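Asker: sequence and predicted model, in that order:
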2 protein chains.
Amino acid sequence: MPRPRSLTSAQIAAAALAVLDRDGPAGLTMRAVAQQLGMGTMSLYRYVDDREALEGLVVELVLGAVDPTPPQGGDWPGRITVMVERVRVAVGAHPAVVPLTMTHRHRSPAILRWSETVAGILAETVTDPERRVVALRGLLSYLVGAIQLEHLGPLSGPGTAAIAGLDPAAFPHMRQLGAAARQVGTDEEFRGGLALLLAGISGGPGPARTRTA
Amino acid sequence: MPRPRSLTSAQIAAAALAVLDRDGPAGLTMRAVAQQLGMGTMSLYRYVDDREALEGLVVELVLGAVDPTPPQGGDWPGRITVMVERVRVAVGAHPAVVPLTMTHRHRSPAILRWSETVAGILAETVTDPERRVVALRGLLSYLVGAIQLEHLGPLSGPGTAAIAGLDPAAFPHMRQLGAAARQVGTDEEFRGGLALLLAGISGGPGPARTRTA
DNA sequence: GATCGTAAGCGTACAACGTACTCTTACCGG
DNA sequence: CCGGTAAGAGTACGTTGTACGCTTACGATC
């Protein structure tokens, strides 16, 4: 009986993502998204509660691009690496979404599905559920932090060029690391840190044990 | 000759932090901080370039509370744990600052001093500078991510109560972990994840080696 | 095919924000 | 005592999110 809706949530999310990619996080305003959709500002509110909900839609669109199905081949660290890398790639395709993920990640179904798969892989090696909780949260923490450092950090490496300019006497170690950091690519750095965590997970209950998985 | 300044940067930072603690991140406005200082809104601009600079001051105040001197006793993983925990405690005292640290962390002298100390401790065990870069960045990533999950997460644990309400058939592993997560305290979780990373660092070049360091 | 109820779509309006501009005013060296 | 300098504040403007109410298009009904 009533007038039908002319937009889907997916269209709204896509428009918002287009604005975000084009104008950056600060450019994501209700007015800009409405204009992108070719409609009046207030019409947007027929589809979205408020700005926060709009942001949620964008985050979910980006995170929804992550394939949640378990990878097939390889050992468990390899498969977890694939899962983690999938998120990094999806977010890396839209760097401006990073600040938003921080606030909206917690209620994301996509992350939940992702977590389920990772938890399943972890179950193969970590039998104790409490240790599995710690491992999963550790992976998620690393993932969140690394993505942020990568996209909002000063430069790649732990300061790289900026580090090169500071007092060598007060910061001898950082000075040396600044030089070394130039040799380490972004991918290497990300994978390397993840490998450390995975090595720790495979090490068993103690702080540093043997058992190669 | 001119009229002297009546405020120090430290006073401004303290006032802004007070506002932040009282009203949350959204309440941190130029007007609110000026009022907190008992002065007109525009007078603030005599001391601070813009809102971003004000945020930087607050972040630095919080992060400046972190003791950057190396801990004395204990093995290297213990000392790094102390260093990492210091940051967590400092930030935990003012949770509302978490969203700000994300944007301002990169240019923080306090974090630089902290990094220098941690890099020094790492140098005791990790001889290769490139591997040390990866280790340091890994620690920082974990730290940043874990603090965020702790303060902006859904609830403690990887979903905990919210997880309990979802479809057991679709999320069997998360379901089980949700139950287990209730047994894991926040501190345990944080320390546990960190321990995994440290174990990985002490494991040597390969993905999972022996060498207890 | 005319009619009408419902919700879509939009224009206006307001409070609150960051901040540019300008004026007044308090201080201190001479 | 007095004048120059910068501190401090008032006003104002553009932009944001969004509440409110009007208009308008659709499709089920007679």
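Answerer: Perfect, thanks for sending it.

Asker: any idea how far DNA strand D is from A:Glu60?
Answerer: A:Glu60 is 17 Å from DNA strand D, where distance means Cβ to the nearest atom of the strand, to the nearest Å. Placement of C-beta: from N, CA and C, glycine included.

Asker: buried residues, the helix or strand where that residue lies. List them.
Answerer: Using DSSP states H and E, A:Glu60 sits within helix A:51-63. Neighbour counts over helix A:51-63 (16 or more other Cβ atoms under 10 Å in any protein chain shown) mark A:Leu54, A:Glu55, A:Gly56, A:Leu57, A:Val58, A:Val59, A:Glu60, A:Leu61, A:Val62, A:Leu63 as buried.

Asker: now the strands for chain A?
Answerer: With strands called from DSSP state E, chain A shows none.

Asker: in it, which helix or strand is least confident?
Answerer: In chain A, the helix or strand scored least confidently by mean pLDDT, DSSP states H and E is helix A:160-164, which has a mean of 63.

Asker: burial check on A:Ala169, number of neighbours?
Answerer: 7 (other Cβ atoms under 10 Å in any protein chain shown).

Asker: and the angle from the longest helix along chain A to helix B:129-152?
Answerer: Looking across chain A with DSSP state H, the single longest helix is helix A:129-152. Interaxial angle, helix A:129-152 versus helix B:129-152 (axes from the mean of the first three to the mean of the last three Cα atoms, to 10 degrees): 110 degrees.

Asker: and helix A:129-152 with chain B, contact?
Answerer: Yes: using Cβ under 8 Å from any Cβ of the partner chain, helix A:129-152 reaches chain B at A:129-138, A:140-146, A:148-149, A:152.

Asker: list only buried entries from the residues you listed.
Answerer: Buried subset of those (neighbour count, 16+ other Cβ under 10 Å): A:129-138, A:140-146, A:148-149, A:152.

Asker: distance check, A:Ala13 against A:Val62.
Answerer: 9 Å (Cβ to Cβ, to the nearest Å).

Asker: brain fart, A:Arg5
Answerer: From A:Arg5 to A:Val62 the distance is 24 Å (Cβ to Cβ).

Asker: ok so, going back, which of the residues of helix A:129-152 next to chain B come close to DNA strand C?
Answerer: The residues of the residues of helix A:129-152 next to chain B that also fall near DNA strand C, by Cβ under 7 Å from any atom of the strand, amount to none at all.

Asker: now A:Asp75, what are its backbone angles?
Answerer: Main-chain dihedrals, A:Asp75, degrees, to the nearest 10: phi -80, psi 170.

Asker: which pLDDT value belongs to it?
Answerer: If you check A:Asp75, the pLDDT there is 97.

Asker: and for it, the neighbour number?
Answerer: 14.

Asker: from A:Ala16, how far out is it?
Answerer: To A:Ala16, A:Asp75 is 39 Å away according to Cβ to Cβ.

Asker: tally of neighbours for A:Gly40?
Answerer: 11.

Asker: how about A:His173: what's its closest non-neighbour residue?
Answerer: Counting by Cβ to Cβ, 6 or more residues apart in numbering or on different chains, A:His173 lies nearest to B:Ala119, which is 3.7 Å off, once chain neighbours are set aside.

Asker: could I get the full set of helices for chain A?
Answerer: Remark: helices assigned in chain A by DSSP H are A:9-23, A:30-36, A:51-63, A:76-92, A:98-104, A:109-125, A:129-152, A:160-164, A:172-181, A:186-202.

Asker: reformat these as TSV; add distance to B:Pro168.
Answerer: What follows is these, written out as TSV (distance: least, Cβ to Cβ, whole Å):
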stretch	distance to B:Pro168
helix A:9-23	27
helix A:30-36	38
helix A:51-63	23
helix A:76-92	22
helix A:98-104	25
helix A:109-125	11
helix A:129-152	15
helix A:160-164	47
helix A:172-181	46
helix A:186-202	25
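
Asker: tell me which parts of chain A are close to DNA strand C?
Answerer: Looking at DNA strand C, the residues of chain A close enough under Cβ under 7 Å from any atom of the strand are A:1-7, A:39-43, A:45-47.

Asker: isn't A:Val97 up against A:Val62?
Answerer: Yes: if you go by Cβ atoms under 8 Å, A:Val97 and A:Val62 touch, sitting 5.0 Å apart.

Asker: so what sits against both of those two?
Answerer: In terms of Cβ atoms under 8 Å, 6 or more residues apart in numbering or on different chains, A:Val97 and A:Val62 are both contacted by the residues A:Leu17, A:Val91.

Asker: let me see the mean pLDDT of stretch A:84-103.
Answerer: The model assigns stretch A:84-103 a mean pLDDT of 96.

Asker: how many neighbours does the closest residue to A:Ile147 other than its chain neighbours have?
Answerer: Nearest residue to A:Ile147, sequence neighbours excluded (Cβ to Cβ, 6+ apart): A:Val91, at 5.5 Å. Using other Cβ under 10 Å, the number of residues around A:Val91 comes to 23.
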